[in-house]
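Sequence first, predicted coordinates after that:
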Amino acid sequence: MEEDQDAIQRELQQSLATPVSSADLAHKIGTLLASLGKRVDIRVVAQRLAEDLASRFTHKSAPLQRLIKYRPKELATLADLAAWDEVKTEALPIIEAKPKIRSKIKSAEERLRRNKRAKNRYEHVERNYVTKIGAIERDFSTKSALLSLDPAPPTGPCLDEIFRGGRYKMSGAVDSLQWLFGLRRKRLSMARPALRRARKIFYDYRGVLACMDALLKNTGPNAFWLPDPDRRQTVLTGVLFRARQEAKPTIRRRFEKTLLPHLN
């Protein structure tokens, strides 16, 4: 992805902001001076040079350089959709637009209000992130085409960090309990213990197993997690198989003690 963006930036630099070649410029100046003869008015030379060379100079625009650096894909798309005159009409207002200046905080109450609003916005996004299917169910229910002939159950890497003693947060797009189970955080309130690190809270294998055990006790079509018995059997078998490969001995035994009763 970074290589693609670097390539786009280089292409935009070449097409939109390429500096004038000094050799080409020197050749053009020499040709013009030769065409004017030996005795000429300096002002005439300056006028002729300006008329012939103005279009060859590149305006060094800092906003354009920032746009190429931080928005190369958008600018490349815009350049492909229109001629350069149209690009200038569309792009220059964006390039030259002044950034919105955040108003200064005038009181402690305003600072608290802004902090609370920002925290609530962050919490709203984090709490409401739920995938259609959790990473555990995704990784441990379907084999890839390359492994279709392997007799081992389907497995995936989503729990490897937990197996090795790592910790996941409650909410988020990846590396979270919500991501693992595909459920809202209220459905995962049984996660224990909560491990605080600075201002954030994380959960290790004990929190994951607490969620698994509580959710697996609910069976049938109305269960929140793995309601289909065949799929449940496949997923739990795959989790235990992966745990025997990747987990620390203590963590592997805890997974076996918690999940084996739900397989019988």
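Received it, and whenever you're ready, just let me know what you need.

Can you give the domain ranges for the protein?
Domain segmentation of the chain under automatic domain parsing yields 2-96, 135-263.

Which of those has the lowest mean pLDDT?
For the domains of the chain, mean pLDDT drops lowest on domain 2-96, to a mean of 64.

Report the contact partners of the nearest residue to F241 once chain neighbours are set aside.
In this structure, F241 finds its nearest non-sequential neighbour in P153, 5.1 Å apart by C-beta to C-beta, 6 or more residues apart in numbering. The C-beta positions use only the backbone N, C-alpha and C, and glycine is treated the same way. Contact analysis of P153 by C-beta atoms under 8 Å, 6 or more residues apart in numbering lists 140, 234, 237-238, 241.

among those, which ones are buried?
140, 234, 237-238 (16 or more other C-beta atoms under 10 Å).

you'd agree the residue nearest to F241 is in a helix?
No. Under DSSP: H, G, I helix; E, B strand; the rest coil, P153 sits outside any helix and is assigned coil.

where's it relative to G220, distance?
Look at P153 and G220: by C-beta to C-beta, to the nearest Å, they are 23 Å apart.

And for K200?
Taken as C-beta to C-beta, the span from K200 to G220 is 36 Å.

Same check on G156?
Counting by C-beta to C-beta, the gap from G156 to G220 is 26 Å.

And E246, by the same measure?
With C-beta to C-beta as the criterion, E246 and G220 are 31 Å apart.

between the two, who's got more neighbours?
Neighbours were tallied for E246 and for G220 using other C-beta atoms under 10 Å; the higher tally belongs to E246 (17 against 8).

Now that one: closest residue in space that isn't a chain neighbour?
Computed as C-beta to C-beta, 6+ apart, the closest residue to E246 that is not its neighbour in sequence is F163, at 4.4 Å.

tally of neighbours for that neighbour?
Residue neighbour count, defined by other C-beta under 10 Å, stands at 21 for F163.

now do D139
Residues contacting D139 under the criterion other C-beta under 10 Å number 20.

Report the contact partners of it.
154-159, 238.

Need phi/psi at P157.
With angles defined as degrees, to the nearest 10, P157 sits at phi -90, psi 0.

Apologies, that question was intended for K217.
Here the main-chain torsion angles of K217 (degrees, to the nearest 10) amount to phi -70, psi -20.

now it: how far from I29?
Here K217 is placed at a distance of 85 Å from I29 (C-beta to C-beta).

If you count surrounding residues, which of the two has more?
Ranked by neighbour count (other C-beta under 10 Å), K217 and I29 place I29 first, with 14 against 10.

The one helix or strand D230 maps to: what's the following helix or strand?
Assessed by DSSP states H and E, D230 sits inside helix 229-246. Later in the chain than helix 229-246, the nearest helix or strand by DSSP H and E is helix 249-263.
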